[in-house]
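Undergrad: predicted model and sequence follow; I will ask about them next.
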Amino acid sequence: MNIYLLLNWKMNSTLIESAHLVEKYIEFLLDAPELLKVTIFPPAPYIFPLYEKLANTNSVTVGAQNVFEEPFGAYTGEISPIMISEACSYVMVGHSERRTYFNETNSSINKKIHLIMNNSLTPVLCVGEDLDTYNSGQVDEFIELQIKSACDNIKNIPANRFIVAYEPTWAIGSGLTPPPEIINERALLIKNVITDMGLMTDNASCPVLYGGSVNSINAKSFLELDNIAGLLIGQASLDLNQIGSIINQAFRQAKNNSKLI
Ligand code: 13P
């Protein structure tokens, strides 16, 4: 099983800082097992320069934090998946910051997913409850609705061409996380919803990742979970001590996985 580390820089770093970060990641990933998949999600203007910088390595790939739901047109300031498809392998969609600050709805998320997949990119669908929903005990229903509406009319996706990141809104940037056993249960729920929807071809694997206040201390407890195939990391991905340690831990987990094949 692949281990994914998706590094979401959000709206941080200068171009010079971002090039330095990438050089360090490459150093950390020397001799990394093939099962360890590391992708950076830089601010949009850095996608192509970093893609070019990474041309001679396959240890780090590039993803996009967001795209628009139409292929081309009079949409000032927006970016089409077609425009980044040469440089990117993955596109994040439905991140809670997009839902909260930019009023992104499940129906626009659904349009984006169709367009992303039609352009041979892999969507990373972010789902997760807010604190009120967490306290109300209705989390399963909430997540199920997010997945079903985001994936309406999508079927038969090949293995590993669709990723779901479970990121509770209240865990993002707060230093709080659900207990690992709850994360494992939620990841199983997500897998079951996807199976029931017939989203993947022949029930092929759809990696489920965890995101929200991941750091070098708690990363191992999430990486070890049966139903979790990796991490979506914000703040800690910009801190070289933190990310160096997390990459090391994922490295070991991927080596263990290689032995199981
Ligand atoms: P933090 O790791 O900073 O909590 O952010 C998580 C996140 O939003 C990744 O997409």
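TA: Nice, thanks for sending it over.
Undergrad: which parts of this protein sit against the ligand?
TA: For the chain, the residues in contact with the ligand (C-beta under 6 Å from any ligand atom) are 8, 95, 167, 172-173, 211-214, 232-236. Every C-beta, even on glycine, is put in place using the N, C-alpha and C of the backbone.
Undergrad: tell me the buried residues within the residues you listed.
TA: When neighbours are counted using 16 or more other C-beta atoms under 10 Å, the residues of the chain next to the ligand contain these buried positions: 8, 95, 167, 172, 211-214, 232-236.
Undergrad: what helix or strand does Y51 sit in?
TA: Taking DSSP states H and E as the definition, one finds Y51 inside helix 47-53.
Undergrad: kindly report the same for K112.
TA: With elements delineated by DSSP H and E, K112 resides in helix 106-118, which encompasses its position.
Undergrad: identify the residues contacting that helix?
TA: Outside of helix 106-118, the residues that reach it under the criterion C-beta atoms under 8 Å, 6 or more residues apart in numbering are 67-71, 80-81, 91, 93-94, 122-123, 125, 145-146, 149-154, 157, 161-162.
Undergrad: need the buried ones from those residues selected in PyMOL.
TA: Applying 16+ other C-beta under 10 Å to the contacts of helix 106-118 leaves a buried subset, and the PyMOL line that selects it is:
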select buried, resi 67+68+69+80+81+91+93+94+122+123+125+146+150+151+154+157+161+162
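Undergrad: for the residue lying farthest from the centre of the chain, what are its contacts?
TA: Of all residues in the chain, A74 has its C-alpha farthest from the mean position, at 28.8 Å, by C-alpha atoms, centre = their mean. Applying C-beta under 8 Å, 6+ apart, we find A74 in contact with no residue.
Undergrad: would it count as being in a strand?
TA: No: the assignment for A74 (DSSP: H, G, I helix; E, B strand; the rest coil) gives coil, which keeps it out of a strand.
Undergrad: any idea how far K111 is from it?
TA: Distance from A74 to K111, counting by C-beta to C-beta, to the nearest Å: 17 Å.
Undergrad: which stretches of this protein have low pLDDT?
TA: Residues of the chain meeting the criterion pLDDT under 70: 259-261.
Undergrad: ok, and the closest non-adjacent residue to the residue of it found nearest the ligand?
TA: Taking C-beta to the nearest ligand atom as the measure, the chain has G234 as its residue closest to the ligand, at 2.3 Å. Using C-beta to C-beta, 6 or more residues apart in numbering and skipping residues adjacent in sequence, the residue nearest G234 is N8, 5.1 Å away.
Undergrad: and that neighbour, bridged to which residues?
TA: Beta bridges link N8 to F41 when assigned by DSSP bridges.
Undergrad: list the residues that contact it.
TA: Contacts of N8 by C-beta under 8 Å, 6+ apart are F41, Q65, M92, H95, G211, L232, I233, G234, S237.
Undergrad: farthest pair in these?
TA: Set against one another by C-beta to C-beta, those have their most distant pair in H95 and S237, with a gap of 14.2 Å.
Undergrad: strands of this structure, residue ranges please.
TA: Listed from the start of the chain, the chain has strands (DSSP state E) covering 3-8, 36-41, 60-64, 90-93, 122-127, 163-166, 208-211, 230-233.
Undergrad: can you give me the helices in the stretch 151-261 of the chain?
TA: For the stretch 151-261 of the chain, the helices defined by DSSP state H, counting those that start in this stretch occupy 180-197, 219-223, 240-260.
Undergrad: and N192, which of the strands of the chain is closest to it?
TA: Counting by C-beta to C-beta, N192 lies closest to strand 208-211 out of the strands of the chain; the figure is 10.7 Å.
Undergrad: hang on, T61 packs against F41?
TA: No: the pair T61 / F41 is not scored as a contact, 10.2 Å apart, by C-beta atoms under 8 Å.
Undergrad: between the two, which has more neighbouring residues?
TA: Between T61 and F41, counted using other C-beta atoms under 10 Å, the more crowded position is F41 (26 against 17).
Undergrad: is it true that that one touches Q65?
TA: Yes: in this structure, F41 is within contact of Q65 by C-beta under 8 Å, at 4.9 Å.
Undergrad: list the residues that contact both of these two?
TA: By the contact definition C-beta under 8 Å, 6+ apart, F41 and Q65 are jointly contacted by N8, W9, M92.
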